[in-house]
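Student: What follows is a protein structure lacking sequence information:
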């Protein structure tokens, strides 16, 4: 079974588009606080770790992590079927970690503003150069053989090393291996550890569940001075490609991989034992479940942000019971999978809301256990809704799926290709003037760049040109 799962691509694509929008819209103090990270509230946008709550911006990163975990069983089971052993899996995981960590370091050093004496067109050309080298580093061209693509990718790494060595002499910018894109660096570590732990527990989900609990407890005790976990977490320096502190994000990766295992098992059973069952789902049950999950999503996002925690738990419990009843009414294709995923999401949500009071309330930064499990539950319900669309309604959101299938291209598209091209075309001042003409115009700027990223990524994806680590 080599098919892509559109629902996983859709979840990943939604996360990428959210990242692009959050990164490219202008921060305006007149916008609602719900438009920004909860711990970076307007009007000052000063980081305040005491502020509890989550916003839509705080969901995009855990959603991407969850989709990464959900995709692991598909890529690794395929390798297992091809005869791969642990050594091969470990080597591939290490290779991916090196590639992604290198990517994170280049991003961290080239996203800096260049000195003012460098003209805008010069800075745009410098950034475009980085994007071209990223293309060589990660590109997979359908007309080339796998060996030729690998040679091209290694050439891209060498050229980027040379380019970075020339960055200070040409642009006056110091390049440091300790400066990196934290999002990509965490993803690099999760790709490594998630792959290894999935492989070791691939035939025993119970052990993986226990490991999730172990990492959750390690995260909790790491915050207590004098414990061995605290000392372990403190042994790594911020900015290094590996940090023990990153292991806490396995609390999202591992539940995501369990969801991926459920989906993989269902599709494998369907392929092995095809059925022509015409058992019908009661009218409205599928739609009703999707609507209940959407309502619960809104309740959680609203209630945890405005800190109506008790009311949020009550409303969420009512909606969860209603959703469980609707899931039990589903018949036909995928009914067991849908109920399993929904039940798992409810268990994660129960964990998340039970842990919500700990660590001063749910927070993305510093991340709390309530944050890990609550956002995992929300991601699983979005994934379930996408699966229902894919398997039962045969509906797709192609533009999101294209971004999810080509995430690194989408992630770099706005800052490294589209904005430099806009600058070279002389349109940057007009775009900036539009963004500064009103609070919501800054959001509109982000929306314009999101549309451009969607078009760009869709063009490459439809031509089967992917960026792969």
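Tutor: Yep, that arrived. Keep in mind the model is a prediction, meaning the values are calculated, not measured.
Student: which residue ranges form the helices in the stretch 151-300 of the chain?
Tutor: Listed in chain order, the helices of the stretch 151-300 of the chain (DSSP state H, counting those that start in this stretch) span 167-171, 182-200, 205-222, 228-233, 250-272, 285-306.
Student: buried residues in stretch 191-202?
Tutor: Of the residues in stretch 191-202, 191, 192, 193, 194, 195, 197, 198, 199, 201, 202 count as buried by neighbour count, 16 or more other C-beta atoms under 10 Å. To be clear about C-beta, it is placed using only N, CA and C from the backbone, and glycine gets the same treatment.
Student: returning to what we had before: can you check which of the helices of the stretch 151-300 of the chain gets nearest to residue 410?
Tutor: helix 182-200 (13.0 Å; C-beta to C-beta).
Student: Now do the closest one against helix 205-222, angle only.
Tutor: With axes from the mean of the first three to the mean of the last three C-alpha atoms, to 10 degrees applied, the angle from helix 182-200 to helix 205-222 works out at 140 degrees.
Student: which secondary structure elements does helix 182-200 contact?
Tutor: Where contact means 3 or more C-beta pairs under 8 Å, 6 or more residues apart in numbering; DSSP states H and E, helix 182-200 is packed against helix 60-81, helix 86-110, helix 205-222, helix 250-272.
Student: what about 10 Å?
Tutor: Here helix 182-200 touches helix 60-81, helix 86-110, helix 205-222, helix 250-272, helix 407-413, going by 3 or more C-beta pairs under 10 Å, 6 or more residues apart in numbering; DSSP states H and E.
Student: pLDDT averaged over the last one, what's the number?
Tutor: The predicted model assigns helix 407-413 a mean pLDDT of 96.
Student: And that helix, how far out from the chain middle?
Tutor: Distance of helix 407-413 from its chain centroid, counting by C-alpha atoms, centre = their mean, to the nearest Å, is 12 Å.
Student: in the helix or strand that comes right after it, what counts as buried?
Tutor: Next along the chain after helix 407-413, taking DSSP states H and E as the criterion, comes helix 419-424. Going by neighbour count (16+ other C-beta under 10 Å), the buried part of helix 419-424 is 419, 420, 422, 423.
Student: so residue 153 sits right up against residue 102, yeah?
Tutor: No - counting by C-beta atoms under 10 Å, residue 153 stays clear of residue 102, with 11.0 Å between them.
Student: okay, and the common contacts of these two?
Tutor: Common neighbours of residue 153 and residue 102 are listed as 137, 469 (criterion: C-beta atoms under 10 Å, 6 or more residues apart in numbering).
Student: on that earlier part again, which one of the helices of the stretch 151-300 of the chain lies nearest to residue 406?
Tutor: Across those, residue 406 has its closest neighbour in helix 182-200 (15.0 Å, C-beta to C-beta).
Student: any idea of the mean pLDDT in the closest one?
Tutor: So the average pLDDT for helix 182-200 ends up being 96.
Student: shaky segments in the stretch 101-250 of the chain?
Tutor: The model of the stretch 101-250 of the chain has pLDDT under 70 over residues 112, 237-239.
Student: Quick check, pLDDT for the nearest residue to residue 58 once chain neighbours are set aside.
Tutor: Closest residue to residue 58 apart from its sequence neighbours, by C-beta to C-beta, 6 or more residues apart in numbering: residue 364 at 4.2 Å. With respect to pLDDT, residue 364 scores 95.
Student: Residue 364 looks like it's in a strand, true?
Tutor: No - counting by DSSP: H, G, I helix; E, B strand; the rest coil, residue 364 is not part of a strand but coil.
Student: residues touching residue 359, list them.
Tutor: So residue 359 contacts 49, 52, 219, 220, 223, 366, 367, 368, 369, 370, 371 (C-beta under 10 Å, 6+ apart).
Student: of those, closest to residue 89?
Tutor: Within the contacts of residue 359, the smallest distance to residue 89 is 25.7 Å, found for residue 219 (C-beta to C-beta).
Student: Give the burial count for the nearest residue to that closest one once chain neighbours are set aside, as a bare number.
Tutor: Closest residue to residue 219 in three dimensions, ignoring its sequence neighbours and counting by C-beta to C-beta, 6+ apart: residue 248, at 4.1 Å. Close neighbours of residue 248, defined as other C-beta atoms under 10 Å, add up to 21.
Student: Next: residue 360.
Tutor: Neighbour count of residue 360, defined by other C-beta under 10 Å: 13.
Student: How about it: what's its closest non-neighbour residue?
Tutor: In this structure, residue 360 finds its nearest non-sequential neighbour in residue 52, 5.8 Å apart by C-beta to C-beta, 6+ apart.
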